[in-house]
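> Sequence and predicted model, in that order:
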Amino acid sequence: MAENLKGCSVCCKSSWNQLQDLCRLAKLSCPSLGISKRNLYDFEVEYLCDYKKIREQEYYLVKWRGYPDSESTWEPRQNLKCVRILKQFHKDLEKELLRRHHRLKPPRHLDPSLANYLVQKAKQRRALQRWEQELNAKRSHLGRITVENEVDLDGPPRAFVYINEYRVGEGITLNQVAVGCECQDCLWAPAGGCCPGASLHKFAYNDQGQVRLRAGLPIYECNSRCRCGYDCPNRVVQKGIRYDLCIFRTDDGRGWGVRTLEKIRKNSFVMEYVGEIITSEEAERRGQIYDRQGATYLFDLDYVEDVYTVDAAYYGNISHFVNHSVGAPGTWGGGWEGQARAPPHPPTILSRPV
């Protein structure tokens with residue numbers, strides 16, 4: 001029986017904060033939750049719950065990190081050294097006051113609904129910060145990921161797992177790379193046209209790593225059997241995301257979107273569409289479900305004889321959050337490593353600088 005349970009896991013019904021609260025109440029240290037003997041009795045501001053002004057003195061209701069809500073206390077402003085938290089609290093307060101009452105100056109006492117909103121916003125921001133940390137801990141690419149939601153109270157998406165490479169579904173066997181190139185310099189002295197030439201196609205990149213093929217043509221990159229190394233100019237997609245990107249909540253009701261945090265030149269590779277590889281039959285079944293839900297994350301890999309589909313609904317990378325709106329600067333293409341008859345890696349190539 002014990003052997004059958006090896007490697008099993010179950011979902012915890014308590015949140016991270018609730019587990020910290022329980023540890024402090026029971027006076028137990030737990031390194032994985034950030035609770036140690038050294039900070040077991042420390043008082044650190046987690047977020048601010050309420051505000052009031054008596055005469056000219058400002059007071060804040062403080063939720064202490066690792067302590068239950070019942071232990072929250074009113075503190076005068078001069079006792080608080082959390083400048084960043086104070087600044088964020090007033091930013092959220094002013095924004096909500098402007099939305100509700102078209103004014104910026106806070107009243108002497110907040111009504112319960114406004115105070116509750118500020119608590120929910122603070123909890124959401126902490127949840128998004130933890131999610132951002134998890135995403136960056138899991139990513140294998142150079143570009144960092146940030147998360148923003150200044151639109152509503154939605155937190156991290158549920159049941160989504162960040163992955164860096166394809167997750168192979170049931171009934172699919174990927175062919176291994178069979179042949180590699182023998183080039184001394186794949187860009188300037190390609191032997192036999194390098195990997196693209198062996199597949200009767202042109203070299204995809206210039207010396208700046210920008211795509212020089214017209215949209216729709218396949219990209220053939222070098223692979224593990226090639227003589228060249230990791231710095232080969234024909235290894236762009238496989239190096240992953242190079243740019244810092246932000247997952248943000250759109251203000252037009254389209255859910256999450258992705259924007260760049262730095263300038264990206266035209267015809268540059270941005271990201272690969274990563275997800276679970278499934279058969280066309282399974283894609284048809286899932287597609288009917290997604291159509292009823294009003295959203296789909298299916299991308300057909302129809303460049304090869306055996307048609308597969310990438311499903312990024314539950315397993316994927318940052319491309320899961322890209323809004324494919326009209327006028328978007330990116331286009332999807334097909335990229336292969338070498339001459340293997342395996343599913344392609346769909347990259348996003350910018351059609352204009354951003």
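Looks like it arrived, so ask away. Small disclaimer: the values here were computed from a predicted structure and weren't measured.

> Now do Cys82 against Gln88, distance only.
9 Å (Cβ to Cβ, to the nearest Å). From N, CA and C alone the C-beta is placed, and that goes for glycine too.

> again with Ala198
Distance of Ala198 to Gln88, computed by Cβ to Cβ: 56 Å.

> go on, Arg103?
Applying Cβ to Cβ to Arg103 and Gln88 gives a distance of 20 Å.

> And Leu128, by the same measure?
In this structure, Leu128 and Gln88 are 12 Å apart, going by Cβ to Cβ.

> now the helices: where do they sit in the stretch 101-250 of the chain?
Using DSSP state H, counting those that start in this stretch, the helices of the stretch 101-250 of the chain run over residues 112-138, 194-198.

> Go through these and name the closest to Gly275.
helix 112-138 (14.8 Å; Cβ to Cβ).

> taking the helices of the stretch 101-250 of the chain together, which one is wrapped up most tightly?
helix 194-198 (a mean of 24; mean count of other Cβ atoms under 10 Å).

> Please name every helix or strand in contact with that one.
Judged by 3 or more Cβ pairs under 8 Å, 6 or more residues apart in numbering; DSSP states H and E, helix 194-198 is in contact with strand 219-221.

> Report the buried residues of the strand it packs on.
Going by neighbour count (16 or more other Cβ atoms under 10 Å), the buried part of strand 219-221 is 219-221.

> between those, which is closest to Arg254?
Closest to Arg254, out of all of those and judged by Cβ to Cβ, is Ile219, at 29.1 Å.

> thought the closest one was touching Gly209?
No: assessed by Cβ atoms under 8 Å, Ile219 is found out of contact with Gly209, at 11.9 Å.

> Show me the least confident stretch of the helices of the stretch 101-250 of the chain, going by mean pLDDT.
Ranked by mean pLDDT, those bottom out at helix 194-198, which scores a mean of 87.

> now that one, how far from the chain's geometric center?
Centroid separation between helix 194-198 and its chain, computed with Cα atoms, centre = their mean, to the nearest Å, is 34 Å.

> how about the CA coordinates for it, as PDB?
Output of helix 194-198 as PDB, limited to C-alpha atoms (Å, rounded to 0.1, in the frame of the first residue of the first chain):
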ATOM      1  CA  CYS A 194      23.700  23.600 -42.500                       C
ATOM      2  CA  CYS A 195      20.500  22.100 -41.100                       C
ATOM      3  CA  PRO A 196      18.200  24.400 -43.100                       C
ATOM      4  CA  GLY A 197      20.000  23.500 -46.400                       C
ATOM      5  CA  ALA A 198      19.700  19.800 -45.700                       C
END
